[in-house]
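1. okay, predicted coordinates and the sequence, questions at the end:
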Amino acid sequence: MTRRVRKAVFPVAGLGTRFLPATKLVAKEMLPVVDKPLIQYAVEEAFAAGIEYCMFITGRGKAVLVDHFDSAPELEAMLRDRGKQEPLAELLGGRPKAGTILATRQQAPLGLGHAVSCARAFTDDEPFAVILPDDLILSDRPCLSQLIDVWSEHGGNVIAVEEVDRSRTANYGILDVAADDGRVARAQGLVEKPQPDVAPSRLAIIGRYVLDPKVMRALESTAPGAGGEIQLTDAIRATLPDVAIHGLRFDGMRFDCGDKVGFIEANLAFALERPDIRPRLVQSLKATVAALEAEEDRTGMAQRTSTAVDAAS
């Protein structure tokens, strides 16, 4: 078995119903954060972490995800002819080498575990990464690189985690922690979407994984779990005790871009990282905040006046 993580799986078959009507005809992974689609951020993170091949697990209407990484001869020629070197460089810089992006269909929405299992021929008994583009991470060093470092040291399965409020555990897979040094937690189990009163911890699984090939074999016999779907967490848990599970508190800020507020927050955060955008955006945000505070002051004054009039009468 190779001791390098060369392949990454991208489950991208979801319908994006929380963003309708925007996602009626546009794949949710093509929604832009500033000026780049979510799927491009995810692929760039993978390649920056040393991944050589990416497999998209798609569904109907998702061919655009593969098309996005193809050449665009007419557009490229137009940009060259008009001397638009900067956008041309951006366009060409986001295009991977030929043969590094592959795709297959999930065909039925049977859960994350089922989506990952569709890549079994691709992973070919090697350790592999899984990246969920909905989880966009702003960090100095790619989150996946951080996971691969921990995998190189400990082996087994390595999962990105972050602490969540106990009231939100039912939205995540949660680690059952056996040992914890404050950065890496060793898990004795995983629980998919537990209610707050029975959640074993507040360490929630985020959409980055480096997985042992035994997980792919476990998926072959994993029965439907929470929500009637085949859960990836169930297959990872099934590899215990043969394969250790470690949760990494990664360095960086994660944005849930499957959520409208999270998506807006991501746009603001990534825009503020851009020197060409930051000055005008900061000015605009300050003006917006000032207007909101003024409106709150006017509303508060009106309420106080109304209360005084009622008291006087």
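-> Alright, I've got the coordinates.

2. middle-most residue in this structure, spatially?
-> Central residue check for the chain by CA atoms, centre = their mean: the C-alpha nearest the mean position is that of Asp135, 2.0 Å away.

3. and the pLDDT at that one?
-> According to the prediction, Asp135 has pLDDT 97.

4. hmm, it is touching Ile206, no?
-> Yes - shown here, Asp135 and Ile206 form a contact pair, counting by CB atoms under 8 Å, at 5.4 Å. Bear in mind the C-beta positions are built from the backbone N, C-alpha and C, glycine included.

5. what residues go with each domain of the chain?
-> 7-274, 276-313 (automatic domain parsing).

6. go through these and pick out the most buried.
-> For these, the largest average neighbour count (mean count of other CB atoms under 10 Å) is found in domain 7-274, namely a mean of 18.

7. okay, how far is it across it, tip to tip?
-> The straight-line separation of the ends of domain 7-274 (CA to CA, to the nearest Å) is 30 Å.

8. and the residue nearest to Leu75 when sequence neighbours are not counted, what element?
-> Computed as CB to CB, 6 or more residues apart in numbering, the closest residue to Leu75 that is not its neighbour in sequence is Leu91, at 7.1 Å. Following DSSP states H and E, one finds Leu91 within helix 85-93.

9. which residues sit in contact with the residue nearest to the centre of the chain?
-> By CB atoms under 8 Å, 6 or more residues apart in numbering, the residues touching Asp135 are 206-208, 254-257.

10. make TSV out of those and add distance to Gln106 and secondary structure.
-> Listed next are the contacts of Asp135 as TSV, based on distance: CB to CB, whole Å; DSSP: H, G, I helix; E, B strand; the rest coil:
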residue	distance to Gln106	secondary structure
Ile206	21	strand
Gly207	16	strand
Arg208	20	strand
Arg254	25	strand
Phe255	25	strand
Asp256	22	strand
Cys257	20	coil
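
11. returning to that earlier point: lowest average confidence across the domains of the chain, which one?
-> For these, the stretch scoring lowest in mean pLDDT is domain 276-313; its value is a mean of 80.

12. three-state assignment of Glu126?
-> Secondary structure for Glu126, judged by DSSP: H, G, I helix; E, B strand; the rest coil, is coil.

13. can you pull out the strands in the stretch 101-250 of the chain?
-> 101-105, 128-131, 135-138, 157-163, 173-180, 184-192, 203-211, 245-249 (DSSP state E, counting those that start in this stretch).

14. nearest to Gly262, of those strands?
-> strand 135-138 (8.4 Å; CB to CB).

15. given the closest one, what are its sheet partners and their directions?
-> Each strand paired with strand 135-138, and its direction, by DSSP bridges: strand 253-256 (antiparallel).

16. past the strand it pairs with, which element shows up next along the chain?
-> Scanning forward in sequence from strand 253-256 by DSSP H and E, the next helix or strand is helix 260-272.

17. can you name every helix or strand that that next one contacts?
-> Applying 3 or more CB pairs under 8 Å, 6 or more residues apart in numbering; DSSP states H and E, one finds that helix 260-272 contacts strand 32-33, strand 135-138, strand 253-256, helix 278-312.

18. export the third one as PDB, just CAs?
-> Spelled out, that is strand 253-256. C-alpha atoms of strand 253-256 as PDB (Å, rounded to 0.1, in the frame of the first residue of the first chain):
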ATOM      1  CA  MET A 253     -11.700  29.500  10.000                       C
ATOM      2  CA  ARG A 254     -14.400  27.300   8.600                       C
ATOM      3  CA  PHE A 255     -17.500  28.600   6.800                       C
ATOM      4  CA  ASP A 256     -20.600  26.400   6.200                       C
END
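
19. off-centre distance for that strand?
-> 8 Å (CA atoms, centre = their mean, to the nearest Å).

20. what residues does it touch?
-> Here strand 253-256 has contacts from 134-139, 162, 206, 262-263, 265-266, 269, using CB under 8 Å, 6+ apart.
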